[in-house]
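J.: 3D model of this:
(4 chains)
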Protein chains: 2
Amino acid sequence: MDTDQRLREAAEKLALTLAQGGMQKTTARVMTALLYTRQDAMTAADLCAQLSISSGAVSTAVKQLIPLGLIERVPAPGSRRDHYRFRQGAWASLMSQQNAMLATMGAAAQEGLDAAGQDSVTGRRLHEMKDFYAYMTEQLIPLIDSWRERYAAQHAGTSR
Amino acid sequence: MDTDQRLREAAEKLALTLAQGGMQKTTARVMTALLYTRQDAMTAADLCAQLSISSGAVSTAVKQLIPLGLIERVPAPGSRRDHYRFRQGAWASLMSQQNAMLATMGAAAQEGLDAAGQDSVTGRRLHEMKDFYAYMTEQLIPLIDSWRERYAAQHAGTSR
DNA sequence: TAGAGCCTTCAGAGATATGTAAATTCTCTG
DNA sequence: CAGAGAATTTACATATCTCTGAAGGCTCTA
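T.: Now for the predicted structure:
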């Protein structure tokens, strides 16, 4: 089987997994297409053709992926079409986003504690929750940073 | 406003957030109901009444929450009804589950590398992905373990 | 500044998914 | 061991979501 074919299948497979994990199916397909493509970047038309979806669907997917820091719009010299590219550092961005969720969980725990008080069954449950998310938030941020540094160091002087 | 009311609202609010993050709405509502309740545990009937949902819906939600390690079925002395309780250590379990996803991502990266080879645009993209998830998997597991230990130490001799 | 090309938005169709109600199965008690 | 109570499963109805196709709007060029 040729390389392109294998890559496309890997892309679809991962998209399916991500979809089951809560990401929208089309959004996931667009993301993995950009991740596994052999090109540096793809146009909206490329994505329409490869994934058999309408330009509207591509537009929607892109609108979700860009704020997540997973892809970026690339100015295309000599072409009026937008090009989309999987971003360097995308994974670290994604993980950082999830940090925001950790903070939300911590806040939710606090809110419950304010209502229930510490000395109750509820209080003990929520206290564990608050502790856990406080700990995770605290630990995860430096973890991501340290990876960013490690990666930057490793690739010093390397451009795309 | 009374305490119960505040807790219920906090529960619904968090459920909504979780639902937007990909969890099923009813599953999330059941989970947060058990998290914020002032009782130690609730019966299926309690959940039906409080959330205005059918027993079938409760059954489905419970079936999803138990494998995640978020809630547990509690033998109820003197009652034939099943009682459900939010589990101690639930959050750590949940986070561990997410670790499985990290491993999956790493594997997906490897699969692409096998097809594309290292020396290509695709190869470089996937290499970053593989590195990132390898690093995260490696770091996150001890992190969760260390919290478990910390928590166990803090609560030594404490029973629910 | 007019026009072409491309992206985005919108309304409606189609598909998916989710809850309900009823039938079934399971389990414990008398 | 029969029966009652409860949980689960199933089929169906409903609600939600997501894609498409077309219209609208922007931007760059000539």
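
J.: residues contacting the residue of chain A positioned farthest from its centre?
T.: When distances are taken from the C-alpha mean of chain A, residue A:119 lies farthest, 39.2 Å away, according to C-alpha atoms, centre = their mean. By C-beta atoms under 8 Å, 6 or more residues apart in numbering or on different chains, the contact set of residue A:119 is empty. Placement of C-beta: from N, CA and C, glycine included.

J.: three-state assignment of it?
T.: Following DSSP: H, G, I helix; E, B strand; the rest coil, the label given to residue A:119 is coil.

J.: What separation do you get for it and residue B:56?
T.: Residue A:119 sits 37 Å away from residue B:56, taking C-beta to C-beta, to the nearest Å as the criterion.

J.: The residue of chain A found nearest DNA strand C is in what secondary structure piece?
T.: DNA strand C sits closest to residue A:56 of chain A, with a gap of 3.2 Å, by C-beta to the nearest atom of the strand. Using DSSP states H and E, residue A:56 sits within helix A:55-65.

J.: where does chain A dip in pLDDT?
T.: Along chain A, the model assigns pLDDT under 70 to residues A:157-160.

J.: which SS class is the closest residue to chain B within it?
T.: Residue nearest to chain B within chain A (C-beta to the nearest C-beta): residue A:22, separated by 2.2 Å. Here residue A:22 is recorded as coil under three-state DSSP.

J.: Could you check what's spatially nearest to it, not counting adjacent residues?
T.: The spatial neighbour of residue A:22 that comes closest, neighbours along the chain excluded (C-beta to C-beta, 6 or more residues apart in numbering or on different chains), is residue B:22 at 2.2 Å.

J.: which residues does that neighbour contact?
T.: Applying C-beta under 8 Å, 6+ apart, we find residue B:22 in contact with A:21, A:22, A:23.

J.: As TSV, the residues you listed with distance to residue A:13 would be great.
T.: Formatted as TSV, the contacts of residue B:22 follow (distance: C-beta to C-beta, whole Å):
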residue	distance to residue A:13
A:21	13
A:22	17
A:23	14
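
J.: Now the residue farthest from the centre of chain A. Its backbone dihedrals?
T.: phi -90, psi 80 (degrees, to the nearest 10).

J.: Equivalent analysis for residue A:53, please.
T.: Per-residue torsions, residue A:53: phi -130, psi 160 (degrees, to the nearest 10).

J.: neighbours around it, how many?
T.: Counted by other C-beta atoms under 10 Å in any protein chain shown, the residues lying close to residue A:53 total 16.

J.: if I read this right, it contacts residue A:44, doesn't it?
T.: No - using C-beta atoms under 8 Å, residue A:53 is not in contact with residue A:44; the gap is 10.2 Å.

J.: The most centrally placed residue in chain A: helix or strand, and which one exactly?
T.: Nearest to the mean C-alpha position of chain A, by C-alpha atoms, centre = their mean, lies residue A:94 at 3.7 Å. Applying DSSP H and E as the criterion places residue A:94 in helix A:90-116.

J.: So is that helix next to chain B?
T.: Yes - using C-beta under 8 Å from any C-beta of the partner chain, helix A:90-116 reaches chain B at A:91, A:92, A:95, A:101, A:104, A:105, A:108, A:111, A:112, A:115, A:116.

J.: mind listing what the second one touches?
T.: This means residue A:92. By C-beta under 8 Å, 6+ apart, residue A:92 lies in contact with A:144, A:147, A:148, A:151, B:132.

J.: so the residue lying closest to residue A:57 once chain neighbours are set aside is in which element?
T.: Nearest-residue entry for residue A:57: residue A:26, 5.2 Å, with adjacent residues in sequence omitted and distances by C-beta to C-beta, 6+ apart. Residue A:26 belongs to helix A:25-36 when assigned by DSSP H and E.

J.: Would you list the strands that the helix or strand just after that helix pairs with, along with their directions?
T.: Next helix or strand after helix A:25-36 toward the C-terminus (DSSP H and E): strand A:42-43. In the sheet, strand A:42-43 lines up against strand A:83-86 (antiparallel) (DSSP bridges).

J.: what about the partner strand, distance to the chain center?
T.: Strand A:83-86 has its C-alpha centroid displaced from the chain centroid by 14 Å (C-alpha atoms, centre = their mean, to the nearest Å).

J.: what residues does chain A put near DNA strand C?
T.: By C-beta under 7 Å from any atom of the strand, the residues of chain A that approach DNA strand C are A:43-45, A:55-56, A:58-60, A:62-63, A:80-82.

J.: Only whichever of the residues of helix A:90-116 next to chain B are buried, select them in PyMOL.
T.: Buried residues among these (16 or more other C-beta atoms under 10 Å in any protein chain shown), as a PyMOL selection:
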select buried, chain A and resi 91+92+95+105+108+111+112+115+116
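
J.: Of the residues of helix A:90-116 next to chain B, which is the nearest to residue A:140?
T.: Among the residues of helix A:90-116 next to chain B, residue A:95 lies closest to residue A:140 (C-beta to C-beta), at 7.6 Å.
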